[in-house]
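Enquirer: Next come a sequence and a model predicted from it.
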Amino acid sequence: MPDGLNCGDACHDGGMPPAAAYRKLSFWHDTVPGSLEPGDPLRGDLEADVAIAGAGYTGLWTAYYLSRADPGLAIAVCERDIAGFGASGRNGGWCSSLFPASLAKLERMAGRSAAIAQQVAMQQTVDEVGRVAAAEGIDCHWAKGGTVQLARSAAQLDRAREEIAEARGYGFGEEDLRLLSAADARAITGAAGVLGGTYTPHCAAIHPSRLARGLAGVVRGRGVSVFERTPVREIRPRQLVTATGTIRARYVIRATEGYTARLPGLRRAVAPVYSLMIATAPLPDSAWAEIGLAGRPTFNDLRHLIIYGQRTADGRLAFGGRGAPYHLGSAVRPAFDRVPAVFAALRRTLSELFPVLGDVEVTHGWGGPIGVPRDWCASVGLDRSTGLGWAGGYVGDGVATTNLAGRTLADLVTGADSEITRLPWVGHRSPPWEPEPLRWLGVNAGLQVMSWADRQEARTGRPSRAASVMGRFLGS
C-alpha cells in the first residue's frame, strides 16, 4: 500500500532478495504461486485519466471495473511495495457479506430501505467476487461454505438470538441467517462447549494473496499500469505525487485503508488497528474428523473481542483476532506485525475451541493494520469538482466490500447511473478521530473493556453492560 511499510524496512533479512523477503509477510504470501519480485516503479511524470493510490483490493478492483467499463482509459496504480502487500494479502480470507456498520446504524443514516439495499448488495457482492475469479482464471481457493458463528456461553447465545431477530426485522429470512441449536452447530464443527449459534451462506473462504496477486495480473493484462515500489507522498486534486514522479489525472482515487493516516492531512481519518493471525501445520485426517468444517465454512464465536478462522485448502487452520494495541500517533511499523503475547493468546484460544489440536505446530504468525473510521462505517465517494475519490474504512470486513467499492467508483468515474451508486455508504463522511493522546486512550480502552467483558461473561453467563456502553462510544 502507498506510503505504508517498505519491505526494505519490514522484511529484509541480511540482504535477502525482495521477493523472498515479501514471502515472510504472512502465510498467504509464503504460499502464493508465482514471483513476488516487485514490478517496475514509476520513473518520472505521467499523464493519465485515472490515478489510484494503493494496489490492494480497493485499487485493483477499481482498476478492473474501470478497464472493463472503458477500455480506452489510461489507468495508473501506484503501490509503495507490491500488489497485495497490506491487508489484502494478509487477512483472514473471509469473502463475506459483513458490512462494518449495522443495519440499525444504516437505517439511522439513510432510512430502512437504504439499509436493506446495502445488505442485499453485500450479499450479491460475495457471488460477484467468485464470478470474476472464475471468469478470469484466478485460483483463490474459493469455497462458498458460509459462516458459522458459535455461541459458547449463555450471553453469546442471547446475542445469536438478537442477531436473528434483527435480521427478521429487516426482512431477511432463514435462507440468509438461521439460528443453530447445539446439535445443529455440532453437525458443522466439533468445537468445544457449543450451545448453539448462527449460520449464513453468504461467505466464501479464500486465499487472500492469490486473489490480490491474480487481480494484479489481470489488470496488467488489460493495459493498466501498476507501478510497484512507488511510494505515494501526497494526494492533491488531479495529482498523485510519488517519490519518483507526479501523475496528473482527471480523477485521483485514494485506496490506502490502514495506511491512510501516513498521508498529509489524513492522520485522523482512520485509525490503523492491528489484527494478527497464526496458521497451523497441515492437520491429519483424524483431527479433521473431530474438527469438522467440511465444505470450509469460515468460523468464529460471539465474543466481543473478535476472532476469525478458516480451514485452508491445504488442510490447516488459519486463525486470527484482535487484541494487539493501537499505537500512539497512528504509528505503523514492521515490529507491530508480530506480537508474541497475542500469538500465544490466539494459540490458546484455538486449542480451547478444538482440544484435539493439542500441541500442534504453528508454522506462521503475522499481522498488519486495518482501517477503522471513527463511526465504524465504511465509505466510498467521488468529488467531481476536485476529481478526488476514495474508499475504505472496512474495519476488517473488506474482502467483498472492496469489490463493491471498486464497482461503485467505476460507475462514479464514468458517470453511470446505477443502483449501487445510490447506496447509503456512497458519499458518507466519517467524523475525524480525536487528537492524541485521546485517540490512543479511547481505542486501547475499548480493546481492554471488550477483553474484560468476555472474561466476565465466561464467568457469569450474563451479557456485559460495559461492552454495550463501549459499543455505543465506538459508534455502533
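Expert: Alright, I've got the coordinates.
Enquirer: Beyond the one helix or strand residue 131 maps to, next helix or strand please.
Expert: Element membership for residue 131 (DSSP states H and E) is helix 112-135. As assigned by DSSP H and E, the chain's next helix or strand after helix 112-135 is strand 147-151.
Enquirer: ranges for the strands of the stretch 251-400 of the chain?
Expert: Listed in chain order, the strands of the stretch 251-400 of the chain (DSSP state E, counting those that start in this stretch) span 271-280, 298-301, 307-311, 317-321, 362-372, 379-383, 388-392.
Enquirer: of all those, which lies closest to residue 235?
Expert: Within the strands of the stretch 251-400 of the chain, the stretch nearest residue 235 is strand 388-392; the backing value is 7.0 Å (Cβ to Cβ). All C-beta atoms are positioned from the backbone trio N, CA, C, and that covers glycine.
Enquirer: hmm, who's touching the closest one?
Expert: If you take Cβ atoms under 8 Å, 6 or more residues apart in numbering as the criterion, strand 388-392 is touched by 58, 62, 235, 237, 251-257, 260, 270, 371, 373, 378-383, 402, 405-406, 408-409, 412-413.
Enquirer: Now the buried members of those.
Expert: Buried members of these, scored by 16 or more other Cβ atoms under 10 Å, are 58, 62, 235, 251-257, 260, 270, 371, 373, 378-382, 402, 405-406, 408-409, 412-413.
Enquirer: Export the strand or helix carrying residue 185 to CSV, keeping only CA atoms.
Expert: Secondary structure assignment for residue 185, by DSSP H and E: helix 182-188. Output in CSV follows, covering the C-alpha atoms of helix 182-188 (Å, rounded to 0.1, in the frame of the first residue of the first chain):
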residue,chain,number,x,y,z
ALA,A,182,-26.3,-27.0,19.8
ALA,A,183,-26.8,-30.1,17.7
ASP,A,184,-27.0,-28.1,14.5
ALA,A,185,-23.7,-26.4,15.4
ARG,A,186,-22.0,-29.7,16.2
ALA,A,187,-23.1,-31.0,12.8
ILE,A,188,-20.9,-28.3,11.3
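Enquirer: Give me the buried positions along it.
Expert: 184-186, 188.
Enquirer: Quick check: residue 19 touching residue 35?
Expert: Yes - counting by Cβ atoms under 8 Å, residue 35 is a contact partner of residue 19 at 5.7 Å.
Enquirer: out of those two, which sits in the busier spot?
Expert: Using other Cβ atoms under 10 Å, the more surrounded residue of residue 19 and residue 35 is residue 19, with 14 against 11.
Enquirer: ok, now which ones touch the more buried one?
Expert: 35-38.
Enquirer: can I get those in JSON lines with pLDDT and distance to residue 53?
Expert: Listed next are the contacts of residue 19 as JSON lines, based on pLDDT from 0 to 100; distance: Cβ to Cβ, whole Å:
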{"residue": "35", "pLDDT": "94", "distance to residue 53": "24"}
{"residue": "36", "pLDDT": "97", "distance to residue 53": "21"}
{"residue": "37", "pLDDT": "96", "distance to residue 53": "22"}
{"residue": "38", "pLDDT": "96", "distance to residue 53": "17"}
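Enquirer: just the buried members of those residues?
Expert: Judged by 16+ other Cβ under 10 Å, buried ones among the contacts of residue 19: 36, 38.
Enquirer: Where do the helices of the stretch 151-300 of the chain begin and end?
Expert: Using DSSP state H, counting those that start in this stretch, the helices of the stretch 151-300 of the chain run over residues 154-169, 182-188, 208-221, 285-291.
Enquirer: Report all helices and strands that the longest one contacts.
Expert: Applying 3 or more Cβ pairs under 8 Å, 6 or more residues apart in numbering; DSSP states H and E, one finds that helix 154-169 makes contact with helix 103-110, strand 147-151, strand 178-181, strand 196-200, helix 438-460.
Enquirer: Okay, buried residues for the first one please.
Expert: What that stands for is helix 103-110. Applying 16+ other Cβ under 10 Å to helix 103-110 flags 103, 105-107, 109-110 as buried.
Enquirer: quick one: stretch 103-111 to chain centroid distance?
Expert: How far stretch 103-111 lies from its chain's middle: 22 Å, per Cα atoms, centre = their mean, to the nearest Å.
Enquirer: Other residues contacting that stretch?
Expert: Against stretch 103-111 from outside (Cβ under 8 Å, 6+ apart): 99, 101, 114-116, 118-119, 166-167, 170, 376-377, 424-425, 428, 475-476.
Enquirer: List only those of those residues flagged as buried.
Expert: Buried among the contacts of stretch 103-111 (16+ other Cβ under 10 Å): 99, 101, 115-116, 118-119, 167, 170, 376-377, 424-425, 428, 475.
Enquirer: tell me the domain boundaries of the chain?
Expert: The chain breaks down by automatic domain parsing into domains covering 7-92+208-269+375-422, 142-205+272-372+436-473.
Enquirer: Please look at residue 58 and residue 257 and confirm they touch.
Expert: Yes - in this structure, residue 58 is within contact of residue 257 by Cβ under 8 Å, at 6.7 Å.
Enquirer: Quick check: neighbours shared by these two?
Expert: 392, 398.
Enquirer: close enough to count as contact, residue 349 and residue 323?
Expert: No - Residue 349 is beyond contact range of residue 323, at 9.6 Å (criterion: Cβ under 8 Å).
Enquirer: Residue 259 and residue 85, how far apart?
Expert: From residue 259 across to residue 85, the span is 10 Å (Cβ to Cβ, to the nearest Å).
Enquirer: Would you mind telling me which of these two has the busier surroundings?
Expert: When residue 259 and residue 85 are compared for neighbours, residue 85 comes out ahead with 33 against 30, by other Cβ under 10 Å.
Enquirer: In three-state terms, how would that one be classified?
Expert: Following DSSP: H, G, I helix; E, B strand; the rest coil, we place residue 85 in the coil state.
Enquirer: surely it meets residue 25?
Expert: Yes - the pair residue 85 / residue 25 is scored as a contact, 7.0 Å apart, by Cβ under 8 Å.
Enquirer: Tell me who's in contact with the nearest residue to residue 178 once chain neighbours are set aside.
Expert: Distances taken as Cβ to Cβ, 6 or more residues apart in numbering place residue 199 nearest to residue 178, at 5.5 Å, with adjacent residues excluded. Listed by Cβ under 8 Å, 6+ apart, the contact partners of residue 199 are 146-149, 177-178, 180, 184, 188, 297.
Enquirer: and residue 128, how many neighbours does it have?
Expert: Count around residue 128 with other Cβ under 10 Å applied: 16.
Enquirer: Next one: it from residue 416, what distance?
Expert: Applying Cβ to Cβ to residue 128 and residue 416 gives a distance of 16 Å.
Enquirer: List just the nearest of the buried residues of helix 182-188 to residue 280.
Expert: residue 188 (19.3 Å).
Enquirer: if I look at that closest one, how far off is residue 166?
Expert: Distance, residue 188 to residue 166, using Cβ to Cβ: 22 Å.
Enquirer: Report the beta-bridge partner residues of residue 372.
Expert: Counting by DSSP bridges, residue 372 is bridged to residue 271.
Enquirer: Relative to residue 136, tell me which of the domains of the chain wins on proximity.
Expert: So among the domains of the chain, domain 7-92+208-269+375-422 is nearest, using Cβ to Cβ, at 4.8 Å.
Enquirer: Could you check how far that closest one is from the centre of its chain?
Expert: 14 Å.
Enquirer: And for stretch 316-330?
Expert: 12 Å.
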